[in-house]
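> Requesting a structural model of the entry that follows:
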Amino acid sequence: MKHIVKRAGHNQPYEGKKIYASAYAACIAVRAQTTDAELIANEVCKDLDKWVADKGSVSSGQIAEQVAKSLKLYNSDAAYLYRHHRDIS
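The predicted structure follows:
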């Protein structure tokens, strides 16, 4: 099981559904169509699952950076919003 080290220092299990939710919210916030937001969020989840696969634990900051990089491949506006406005949901 992969763990995320949160800013406060505690560990939390890695949950892909949280990645999906934040990527989806960023897309919707920049007025992407629902179907596009769903497709992009799925791709971001796949990218993050691959990235985290060989790691035992990562920080929440590292996760955020990877989500932003992945989002930029699919929707640069959503990536910008995600990177600069972390409280989107």
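> model confidence over the longest helix along the chain, on average?
Using DSSP state H, we find that the single longest helix of the chain is helix 34-52. For helix 34-52, mean pLDDT rounds to 97.
> next one: stretch 72-87
91.
> ditto for stretch 9-29
90.
> Mind listing what's buried along that stretch?
Neighbour counts over stretch 9-29 (16 or more other CB atoms under 10 Å) mark Y14, K18, I19, Y20, S22, A23, Y24, A25, A26, C27, I28, A29 as buried. Backbone N, C-alpha and C define where each C-beta goes, glycine included.
> One more: stretch 48-61?
By 16+ other CB under 10 Å, the buried positions in stretch 48-61 come out as L48, W51, V52, V58.
> Out of the residues you listed, flag the one nearest to H10.
When those are compared for distance to H10 (CB to CB), V58 wins out at 14.0 Å.
> is it true that the closest one touches V52?
Yes: V58 is within contact range of V52, at 6.2 Å (criterion: CB atoms under 8 Å).
> what are the ranges of the strands in this structure?
Assigned by DSSP state E, the strands in the chain fall at 3-5, 11-13, 57-59.
> how far does the last one sit from the chain's center?
To tie it back to what came earlier, the one meant is strand 57-59. 14 Å (CA atoms, centre = their mean, to the nearest Å).
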